[in-house]
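J.: My questions concern the predicted model and sequence given below.
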Amino acid sequence: MFALAGAFALFSVTAAPYIGPRRYNRAKLDAYECGIEPSPQPVIGGGRMPVAYYLTAMLFILFDIEMVFLYPFAVAADKLGLFGLVEIVLFVATVGFAYIYVWRRGGLDWN
């Protein structure tokens, strides 16, 4: 079965450039910007995003990662016992230190 899957994948990759459609036009060669006509200069902001935008984005990702680790712990907290509790406390403390660092550096201040 693996050999059949591998042969099909190899055939698909090899044959696609020869049997696929070749209808190039200007629209297909342009950069895609979410359905909006691409422009050389951005409409808002003059081309630069504020650093606070990226800090907020990183904090959002940090919240997501925290939830990814906390949810399985919450589901299996009884089975993990004291070891799981110690591990999750260490994880929350580490994330807490990161939040305190960002807060003290002014990452949560939005101007």
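T.: Happy to help now that I have it.
J.: Go through the helix or strand harbouring Val89 and flag the buried ones.
T.: Secondary-structure element containing Val89, defined by DSSP states H and E: helix 77-104. Going by neighbour count (16 or more other CB atoms under 10 Å), the buried part of helix 77-104 is Ile88, Val95. C-beta: built from backbone N, CA, C; applies to glycine.
J.: That helix packs against which elements?
T.: helix 51-75 (3 or more CB pairs under 8 Å, 6 or more residues apart in numbering; DSSP states H and E).
J.: by how many degrees do the helix it packs on and helix 77-104 diverge?
T.: Following axes from the mean of the first three to the mean of the last three CA atoms, to 10 degrees, one obtains 160 degrees for the angle between helix 51-75 and helix 77-104.
J.: Buried residues, helix 51-75. List them.
T.: For helix 51-75, the neighbour count (16+ other CB under 10 Å) marks Leu55, Leu59, Glu66 as buried.
J.: What is it packed up against?
T.: Where contact means 3+ CB pairs under 8 Å, 6+ apart, helix 51-75 is packed against helix 77-104.
J.: still on that earlier bit, could you dump the buried residues of helix 51-75 to TSV with pLDDT and distance to Tyr18?
T.: Below are these laid out as TSV (pLDDT from 0 to 100; distance: CB to CB, whole Å):
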residue	pLDDT	distance to Tyr18
Leu55	78	49
Leu59	83	49
Glu66	86	49
